[in-house]
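# this one's sequence-less:
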């Protein structure tokens, strides 16, 4: 068998073993069609499936990628595409029935996991030479803790698979002067996901430094310059994705990095090292713990790497320093901040850890290659060092039953690997059999670790049924171009999931001004989402919400709309909802937006709209032991907000409505995430009732609860004034919108969509400058009289990005032709 055939066979084996592991786990976890579960976790559940659904809809409808009205209040879709959907495999969703979109994405994830294993095999084979021994090491890259924790993250996997190819290309550039593999693979990595490519580029620079100082590299300055030029070309070629994506992020809360003022160490170094063990739970939250398991064999082979006399001292120093730098980067806030693009990750910590696993695997494999030449005592000393680390973890790291089990299992596995290594080192005739057993055991370890720590599922029918219910509502009210929202949402992206116009969006490209508006008006928000939760009748009108979807077991009357009309089961029509475009009354100055609190802003806005008294009156909250009681002003609608609450104190509260005469509980309702401080609607409380508040999480002792009575008459008066000047002949679609106005005086025309760069407005065909309302909504100043207003959206940065890509391609071709010409001249 030729070497090329042997390599192809190794690739097929790597792919086949990883596919078998995933297939077996899919059966064991009852993933559809082997059961009623589906592989949906965190952002795959909340973001990626909805965004793929919108991509699928656009592809089938032949729509432009410039803008989508189904992404929250409306959003630059090209920014979402560049950040989430740039992997060209995603385009295949156009050929998949919508009912099987989840399965399509699941298969795509599983295939990419297999390709991650294959790419590591490709690197090891080309860097070290052809051997079946690369198989277990390749498996541990594809099933490392990074992959276990983030295997659901469909947008990252292709770039993670390309990382070893990029590093191989970098080595070829420095050692052999070949630059094409590096340039093309880096371009593809940036194209497929430019966020993950940030880590790849940082590591390429660090690894490039170690290659420059390598004595085997000649023409160091020239190759360093070539490295910079090729990196620039790769970045320019990906400009059609990078630049629109970067422009989209410039309009988010991540555009203003706040460099840490103080150096902070997150955790004990030994605690962090213990996360190399088998069966350690992955971290997905904001606790900074890195996911760094890369197979238990590292406890045996990393010490052997440094003990080996066959490995160059310079390699030991350079790779050792790189590994230590990675560990410091996981542990120190400043380095963590720099690695993540001058931002702290919003959950999903240590996103560069796949490169740390790549580094460890190359070190382990190099140590393994020299195993036959090493003295036996070095193998046993390495084993002793590994066991000493495991013993230290058992003695000094947090003791839990699960953790102690991890220590014992890791000790068992390292002992098995010691037996394999010793037999492989001494028993020449049976090495193939020993290697085969080692591959089987490594596959078992990797698969079991994935099964125990990273293969969670949800019920498919529950997810699909909810989507179908939302689609049924959309179909029943189709053609009305209405905006919906709900208190029974399945995700914060129900809009793209079911092709509904909503007022909720969860995306890293979330508009900064809009989530600030939600924050200031007492609604649910973060840097990556804005949510309708906490809406009042006034904010609901400003957001243009026409319909509210309730649940079948609502205990409280719906207080979101004071003037409403039922239209179908669990759906009410908001008769005070504002249209897509409306004129502001002349009395509105927007001074209300500068007030200190959400209630003050609402009351000030009501005053600007002509309300004679405050819309919301603060009520006294009485302390009754661990409970709080609201002293009601009179019969009407009430809201509460919590201050100084936390996950451990006051995050989940219970509100009970009691009868004043008997003291009996009439109805009750639980509220989750109360710590976020948005308005919680208690519904209508009668004169004969009172409300008692308690918590199921911790204590309310340090929590401040503020209660407010809503004056329905003043709210109606404010809403009537706000809706007095609607625009006419409103038509909006994929590329923009048109509408007409006929006002008796000049007014600010407000659109219920975010103010984003890219909107070009015109009045009667004459371009005009767009303005903003409340630093959030798109607006334009319209003169008195009859006028036609038109808006066209062009994705910011798209034209410039396309120019960059053309320049990058021209530079690549120029470099290629120049190299070809120089070779001919040399001949």
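Right, received. Where do you want to start? Fair warning: this is a prediction, and the values are worked out from it, not measured in the lab.
# would you map out the domains in the protein?
3-38+86-453, 459-583, 616-710, 725-794 (automatic domain parsing).
# need the helices for the stretch 51-200 of the chain, in chain order.
Along the stretch 51-200 of the chain, counting by DSSP state H, counting those that start in this stretch, helices occupy 77-80, 101-128, 134-142, 145-150, 157-176, 180-192, 194-212.
# just tell me which of those ends up closest to residue 609.
Among the helices of the stretch 51-200 of the chain, helix 77-80 comes nearest to residue 609, with 33.9 Å by Cβ to Cβ. Placement of C-beta: from N, CA and C, glycine included.
# returning to that earlier point: switch the helices of the stretch 51-200 of the chain over to CSV; also include mean pLDDT and mean neighbour count.
Output for those, formatted as CSV (pLDDT from 0 to 100; neighbours: other Cβ atoms under 10 Å):
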stretch, mean pLDDT, mean neighbour count
helix 77-80, 96, 28
helix 101-128, 97, 21
helix 134-142, 98, 28
helix 145-150, 97, 26
helix 157-176, 98, 23
helix 180-192, 98, 23
helix 194-212, 97, 20
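# just put the ones you listed in a markdown table and tack on distance to residue 679.
Below are these laid out as a markdown table (distance: least, Cβ to Cβ, whole Å):
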| stretch | distance to residue 679 |
| --- | --- |
| helix 77-80 | 29 |
| helix 101-128 | 34 |
| helix 134-142 | 47 |
| helix 145-150 | 35 |
| helix 157-176 | 40 |
| helix 180-192 | 41 |
| helix 194-212 | 34 |
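# tell me which of the domains of the chain lies nearest to residue 55.
Nearest to residue 55 among those is domain 3-38+86-453 (6.2 Å), distances taken as Cβ to Cβ.
# where does pLDDT dip in this structure?
399, 401, 478-481, 551-569, 826-827 (pLDDT under 70).
# ok, residue 793 touching residue 758?
Yes - here residue 793 reaches residue 758: they are 5.2 Å apart, a contact under Cβ atoms under 8 Å.
# now the common contact residues for these two.
By the contact definition Cβ atoms under 8 Å, 6 or more residues apart in numbering, residue 793 and residue 758 are jointly contacted by 66, 67, 76.
# return the subset of the residues you listed lying in strands.
67, 76 (DSSP state E).
# neighbour-wise, which one of the shared contacts of residue 793 and residue 758 leads?
residue 76 (31 neighbours; other Cβ atoms under 10 Å).
# show me what that one is bridged to.
Taking DSSP bridges as the rule, residue 76 bridges to residue 67.
# ok, it to residue 270 distance?
46 Å (Cβ to Cβ, to the nearest Å).
# also residue 104?
For residue 104 relative to residue 270 (Cβ to Cβ), the value is 44 Å.
# and if you look at residue 580?
59 Å.
# cool, and residue 778?
54 Å.
# now do residue 392
Counting by Cβ to Cβ, the gap between residue 392 and residue 270 amounts to 6 Å.
# and if you look at residue 147?
Relative to residue 270, residue 147 is positioned 25 Å away (criterion: Cβ to Cβ).
# more neighbours: residue 580 and residue 270, which one.
Higher neighbour count among residue 580 and residue 270: residue 580, with 21 against 13, using other Cβ under 10 Å.
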